[in-house]
Structures are given as structure tokens and as C-alpha cells.
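Colleague: sequence first, then the predicted structure, then my questions.
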Amino acid sequence: MSKRYTGVLERLPQHFRDFFMRRADQSQIPAFRSQGKYIPEEKRYTRPEQWKVLEGDRVMFVKGPNKGKIGKVLGLQPFTNSIYTDIAETEPLAVPRQLWQEDQNEYLIDYPKTVSPDDVRVVATLVREDGTEYDIAAEDVIFKGKYFDEDYKKMMPIRRVKYHEHIIIPWPRPDPAEDCVFSTPPEVAEERSHVENSILQFEQPADFTIQSLRDPIMKRPYKWDKQVLKKGDITKLTAPGIPYSETKKAMFEERRQIRESQITEMSAEVMEFIGSRVAEHLNNVTDPNFKQYVDKVSGQYRKQKLARREKEKQLLDLQIKEAEKRNKRVTRASAQ
Amino acid sequence: MSRHFHTTALVAARKRIPPTVKLRPPILPTINNITVKEDHPLWQFFHDKKFVRDQSEVAFTGRAWSVQELRRKSWEDLHGLWHVCLKERNKLEREIHIFRQQGDNPVGGDYQKLNEEIHKSMWRIKQVLTERDHALKNAQKEFKVNGDQYLQEFREKYLTAENVETDEWYDKLERLQQAIFGIPELLDADFKVDLRFVEGVKYIGQLKFDRFAEQIGRTELAPLRDVAELYTLFEESASAEGVAEACAKIEEYRENDIVIPASKEVKVVQGFVEDKLESLEAE
């Protein structure tokens, strides 16, 4: 069935993934439960710099029941980012019949527990000046420089002891790999049969196009044929503007001067002048209604109104006090 | 009287097998009764006509082809590799499908890993072809912009060099005509001459004439009149003797007073090429 229709764990967020993994584990009997924590594919170790130890290394345990003992790395378990060692604890594991080994006759086998590479330290053997050998356990290792390893057939980082970089811990020698049926001999792989010798002709057939490499019914658009430009794309694609000419700069300067010469605040003289003209006009008005309106909107009217209210309030207070006094006198007389 | 409403089927069934026929034990379906042709095309989905291979048969120690390695390979090689990969993947996918149907998970096994490695090689082939195509298009685009300048520079270097009758310069000329004018070292029997080819003939012919005319004292032939004259120069070797021979032929040719127009150049050069190929075959 296509992955499109099945629940793919990798697609879920981390907390869901943990939840489902836990659920799946809980539903199993203890013998079938998975050992280590599930590590998503993008977080699995692939490079020797991440592992720090490889198959064949001697290591010292710094955690667990084997703490202080020295063992050997037997292999790597990529899907839990952990390593198999020769003196590891074992736990019973049930194996389905179709996966039985040749000399197996029980369902339960003792399966070694793995340890994290962080819980071990690499052990290296050094030689003193007098020729005697001694072991060191590197607290941590760092990687500086690279070299081509003939046995691994690839570039390998040089492993050094942290803070003692002159001490190089060589990688263990891997088991020699033999060619399989799918292997190509190196001389065939390295043979050169293509030389670019013309800008007109190409050895490929004339009807070949890059589009023919793609699936013609693929629904997803080709990733380089961008349909939408993002902000960054637009910035990259926009050419820088032309610098301003001298004429334009002069225009900007002139505009600035005009803006600065504008009057924004009224001067005292102007205010006086405008005030006198308004007062003169209002003084000549003879209409009584208009006078009342002008009185009402003027500042004086509000002051008078407030003063009047204050006076009325004082009067009211006085009346209330007098009434209270009178009431007291009446109640005292009636009590006697 | 029948108890059933339907009678026809029963009656018909009785009639179907004539009483004279003797009943024999049934033939059980078995795989031994099925024969498949040796050259049946679907055998290509099976390895060695096996239903499923053993784990040990798909165990591998190698890795996928890297892009760097594939860049050195010709179209033919890449095509061949693609074909091999595709056939192997067909087999693997079939086997993986069978495992899935049985509920076994082949992911842990080598089937899936091998399949992934082969898939890697395949997309890398596509990558290499895409790179080549882009490189070719870019080169053509760039040549449109500064191709003339490049040819001019080459011409100046050729004319000012001390001695051009060396293997180095012969190689350079050959590479130039191959790279820019598409003139191959050896012509096929059905070679089609195009405008580009004619341009190359003109450029190379003129180049040789300008270089050696003074040395052999045939400057009076300049300017060269048509493509036939230039082709004569183009055909001869890039040395003083070759050009002198060509000049002699040109002199002979000019007695006819024929000048080939630009519209017929391609046709004429095609004729020359065909004549040349015929004469070579006759030898």
C-alpha cells in the first residue's frame, strides 16, 4: 500500500510520535517491547564524527553495572544511536520462528543490551619512551583534519583526545569487504568515456529533453519552477535603484527650504490684530438674540454658571443645617 | 412431480453429461501442470527464474555510484547503467511486494537497502544528464554573446604564432572546428552539412590562407571568391605545402569563371563532402 494512505510516524509531531510509540509498546508483552528509544531518521547518526566510536574500538564504561570495565565495540545500532559491546548485559527477547538462526531451537534468546556512545570512553594504547605500553581512556574526543583511509575507502576525520590534541586515536581496522555480485570493478568505474568536445552536438539523442526525465503525470510541480515569489526572491531579483541626479538633489533642497520657511505658529501681533477685528465686529451687533448667543458661547458664561451653582449649593447646605437643628430641638422637647 | 418451481436447470444438467461418459477422478490444480515459455517477457522480473531470492543472494558490500563517477561516463554507458538498475529494481520491488503481502517486513533486510542504493544511482544519473544539458545550453548562450570575439582572438594567435606546423596547433585547429562548428574528425556516410559547417569551412579556409599566403608567395589570389575555394583550403593540411597545393587548385578553378552564390553554398559543400567520402570508399 502506498505511504500516502498509511499513517507515517515520521510525519507526526514529536509528542504524537512519542505517544504512539509508547502505546505500541504498552500493547506488547514485555518480551516483545522495543529496547531503546525510537530515533527519527533525520536524527540518526551517519558519520563517524557523530558516533565517536566504531566497530572494533576498545571502550571503558562510565555508567551502568559495567562501570569501569573495558570492553570492545561489536557493532552499531543506527535506529537507536547506540552500540553493541562484548560485555553488555543481556535480556530475554522473543524471536518469531521465521527469524530463527540456524542453531536456534527456542523462542527466547539472550539479546545484548546496547549502550549509548556517550556512556563509554574510547581507550587508546600509548607507548612510553622506555617501550612499555599503557592505556588511556579519553574523556572526550575531537576531530581535526581528514585523511583518506584505504580500508574504509573514504575520507575519515582524525580522532584526537580533547585538550591533548597531539594524541591521535586511530580508527579500528574494519573487516575487509569482499566484492559482491553487484560490485563494479574500480577500473571500470574510473574509466572515462565522456568528453565534452562541442557546444553544438551532444552524444544524447536529438529528442532528449530534461522534461522527459520527469514523471509526466506527476502532480507536484517541479521544485525549481517556482510559481510564487517570496520576499527574499523579489529582493534578489530587483536591481538596485539609479542614484539621484544633481538636478533632482537641488529640487529636494529647494523643497526642504520651502517647508522650513512655512509659518506654523501664530505671532502675538497677528493674534492681537485678529482679536481686535472680531471684538469690533461683535461690539457692533445690536440683535438681542445674537447677544444672548454670544454671551452663552463666551468663556465668561461658563464661569458665571459655575459660580451660580456653587452659591445655590451653599444655600441648600445652609437650609439643611437649619432644618437639622430645628428637628433636634423638636425631638428634645417631645422627649421631655 | 417436482417439488421445485425451477425445473429447467435440473433437467438441463441431467442432459448436459451424456450417460455414456465415464466419470474420472478430478485433475487437481498443481504448478506442475502449468508450463511457461522459456522466453516469456515476465521472466525479466525474476532472478534466475526463482520465486524469491535468499537473503544471502541480495547481500551487498558496495555503495551507489557517485555523481563524480557518473560525470565521466558517456551517454551510452549511463543509458546502459540505467537499464541494468531498472531491471534489478523490478526484481527487488516484486520480491519486496511478496514479503509485504506475507506480512514479513523486508525493510530490515538487504532487499530494501539494495533497492534504495540502486535508486540512488538512478537519480544521480538523472542529475548528471541535467547538469550536462544545462552546461550545453549555457555554453551556447555564452557563445552567442562573445563567440565572435573568441574566434577573432584565436585567429590573431594563429596568425602571430611563430610556427603553426606543429602537432599542438593541428590539435587546436581540430578541436576548434569540432567544438564550435561541429565538424567531426571523421565524417559518417550520411553526414548532413548545415550552415554552421559551412561557416567553419570558411573560417578555417581563410585562416590557413592568411597564414601561409605570404610565405608561399600567392597573395595575388586574395580575396578568395567563393566557398569552393575556401573548401579546397579547408581540405588540405594546415601547412605551407598544403596551402600551396590548394592555391594551385584554386588557380585552375578560376579559369572556369564560376562563382557560387551564397544560397547554394550548403548544397555545394554537401556535394564536396559526398564526393570525398565516395573517393575514400573507393580507395
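Modeller: Arrived safely, thanks for sending. Residues are numbered from 1 along each chain as shown, chains lettered A, B, ... in the order given.
Colleague: what's the local residue count around B:Ile96?
Modeller: 21 (other C-beta atoms under 10 Å in any protein chain shown). Glycine gets a C-beta too; all of them are placed from N, C-alpha and C.
Colleague: so how far is chain B from A:Asn213?
Modeller: Quick fix: residue A:213 reads Leu, not Asn. Distance, A:Leu213 to chain B, using C-beta to the nearest C-beta, to the nearest Å: 5 Å.
Colleague: that residue reaches B:Glu131, doesn't it?
Modeller: No: taking contacts as C-beta atoms under 8 Å, A:Leu213 lies outside contact range of B:Glu131: 11.8 Å.
Colleague: could you check how many residues crowd around residue 204?
Modeller: Using chain A here. The burial metric for A:Gln204, expressed as a neighbour count using other C-beta under 10 Å, is 17.
Colleague: correction: the question concerned chain B.
Modeller: As a measure of burial, B:Ile204 has 22 neighbours, counting by other C-beta under 10 Å.
Colleague: with adjacent residues omitted, what lies nearest to it?
Modeller: Once flanking residues are discounted, B:Ile204 sits nearest to B:Phe234: 4.9 Å by C-beta to C-beta, 6 or more residues apart in numbering or on different chains.
Colleague: and the one you found, that's in a strand?
Modeller: No: assessed with DSSP: H, G, I helix; E, B strand; the rest coil, B:Phe234 is helix; it does not lie in a strand.
Colleague: contacts only, for it.
Modeller: Contacts were defined as C-beta atoms under 8 Å, 6 or more residues apart in numbering or on different chains; by that measure B:Phe234 touches B:200-201, B:204-205, B:208.
Colleague: can I see the domain layout of chain A?
Modeller: If you go by automatic domain parsing, the domain ranges for chain A are A:9-168, A:269-335.
Colleague: I'd like the mean pLDDT over the last one, please.
Modeller: Averaging pLDDT along domain A:269-335 yields 90.
Colleague: report the residue ranges of every domain in chain B.
Modeller: Here chain B is described, according to automatic domain parsing, as comprising the domains B:45-132, B:162-282.
Colleague: ok, the first one near chain A or not?
Modeller: Yes: applying C-beta under 8 Å from any C-beta of the partner chain, one finds that domain B:45-132 is in contact with chain A at B:57, B:59-62, B:65, B:69, B:71-77, B:88, B:104, B:114, B:126, B:129-130, B:132.
Colleague: what does the stretch 101-250 of chain A have sitting close to chain B?
Modeller: Residues of the stretch 101-250 of chain A lying close to chain B (C-beta under 8 Å from any C-beta) are A:177-184, A:189-194, A:196-204, A:208-210, A:213.
Colleague: rewinding a little: what's the most buried one of the domains of chain A?
Modeller: Of those, the one with the most neighbours on average (mean count of other C-beta atoms under 10 Å in any protein chain shown) is domain A:9-168, at a mean of 14.
Colleague: looking at the domains of chain A, which is closest to B:Ala139?
Modeller: Between B:Ala139 and these, the shortest separation by C-beta to C-beta is 32.0 Å, and it involves domain A:9-168.
Colleague: between the two ends of the closest one, how far is it?
Modeller: From the first residue to the last, domain A:9-168 extends over 41 Å; the measure is C-alpha to C-alpha, to the nearest Å.
Colleague: now stretch B:170-187
Modeller: Between the start and the finish of stretch B:170-187 there is a gap of 18 Å, counting by C-alpha to C-alpha.
Colleague: with stretch A:179-188 instead?
Modeller: Using C-alpha to C-alpha, first and last residues of stretch A:179-188 are 14 Å apart.
Colleague: do you know how far the residue nearest to B:Ile204 is from chain A?
Modeller: Per C-beta to the nearest C-beta, B:Phe234 is found 17 Å from chain A.
Colleague: so how far is B:Glu199 from that residue?
Modeller: 11 Å (C-beta to C-beta, to the nearest Å).
Colleague: likewise for B:Asp210?
Modeller: Between B:Asp210 and B:Glu199 the computed distance is 16 Å (C-beta to C-beta).
Colleague: next: B:Glu251.
Modeller: Distance check for B:Glu251 against B:Glu199: by C-beta to C-beta, it reads 25 Å.
Colleague: what about those two, which has more around it?
Modeller: The residue with more neighbours, out of B:Glu251 and B:Glu199 and counting by other C-beta under 10 Å, is B:Glu199; that gives 16 against 13.
Colleague: do you know the pLDDT at the spatially closest residue to the more buried one that is not a sequence neighbour?
Modeller: The shortest distance from B:Glu199 to any residue other than its chain neighbours is 6.1 Å, reached at B:Phe181 (C-beta to C-beta, 6+ apart). For B:Phe181, the pLDDT comes out at 90.
Colleague: give me the element B:Phe181 is part of.
Modeller: Element membership for B:Phe181, per DSSP states H and E: none, as it lies in no helix or strand.
Colleague: burial of it, as a residue count?
Modeller: Neighbourhood size, B:Phe181 [other C-beta under 10 Å]: 22.
Colleague: you'd agree it is up against B:Asp194?
Modeller: No: under the criterion of C-beta under 8 Å, B:Phe181 is not in contact with B:Asp194, lying 9.6 Å apart.
Colleague: how about the helices of chain A, start to end?
Modeller: Counting by DSSP state H, the segments of chain A that form helices are A:14-26, A:48-51, A:186-190, A:231-237, A:246-261, A:268-283, A:288-297, A:299-335.
Colleague: turn those helices into CSV, including distance to A:Leu93.
Modeller: Listed next are the helices of chain A as CSV, based on distance: least, C-beta to C-beta, whole Å:
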stretch, distance to A:Leu93
helix A:14-26, 14
helix A:48-51, 24
helix A:186-190, 41
helix A:231-237, 52
helix A:246-261, 82
helix A:268-283, 99
helix A:288-297, 98
helix A:299-335, 95
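Colleague: distance check, A:Gln319 against chain B.
Modeller: Relative to chain B, and taking C-beta to the nearest C-beta, A:Gln319 is found at 101 Å.
Colleague: kindly export stretch A:33-46 (C-alpha atoms) in CSV.
Modeller: Presented in CSV, the C-alpha positions along stretch A:33-46 are these (Å, rounded to 0.1, in the frame of the first residue of the first chain):
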residue,chain,number,x,y,z
ARG,A,33,8.8,-4.4,23.8
SER,A,34,11.4,-2.4,22.0
GLN,A,35,14.7,-1.8,23.7
GLY,A,36,15.7,1.7,23.2
LYS,A,37,14.0,4.9,22.3
TYR,A,38,12.9,5.5,18.8
ILE,A,39,15.1,7.9,16.9
PRO,A,40,13.6,9.6,13.8
GLU,A,41,15.6,9.1,10.7
GLU,A,42,17.0,12.6,10.4
LYS,A,43,18.5,12.4,13.9
ARG,A,44,20.2,9.0,13.4
TYR,A,45,24.0,9.1,13.3
THR,A,46,25.6,8.5,10.0
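Colleague: in chain A, where is pLDDT below threshold?
Modeller: Screening chain A residue by residue with the criterion pLDDT under 70, one finds the ranges A:1-6, A:31, A:35-36, A:220-227.
Colleague: got the contact list for A:Leu126?
Modeller: A:Leu126 sits in contact with A:133-136, A:167, where contact means C-beta under 8 Å, 6+ apart.
Colleague: please redo it, this time with the cut-off set to 10 Å
Modeller: A:132-136, A:161, A:167, A:169 (C-beta atoms under 10 Å, 6 or more residues apart in numbering or on different chains).
Colleague: out of those residues, which comes closest to chain B?
Modeller: A:Ile169 (25.9 Å; C-beta to the nearest C-beta).
Colleague: need the nearest residue in space to that closest one, chain neighbours excluded.
Modeller: In this structure, A:Ile169 finds its nearest non-sequential neighbour in A:Ala124, 4.3 Å apart by C-beta to C-beta, 6+ apart.
Colleague: partners of the one you found in the sheet?
Modeller: Using DSSP bridges, the beta-bridge partners of A:Ala124 come out as A:Ile136.
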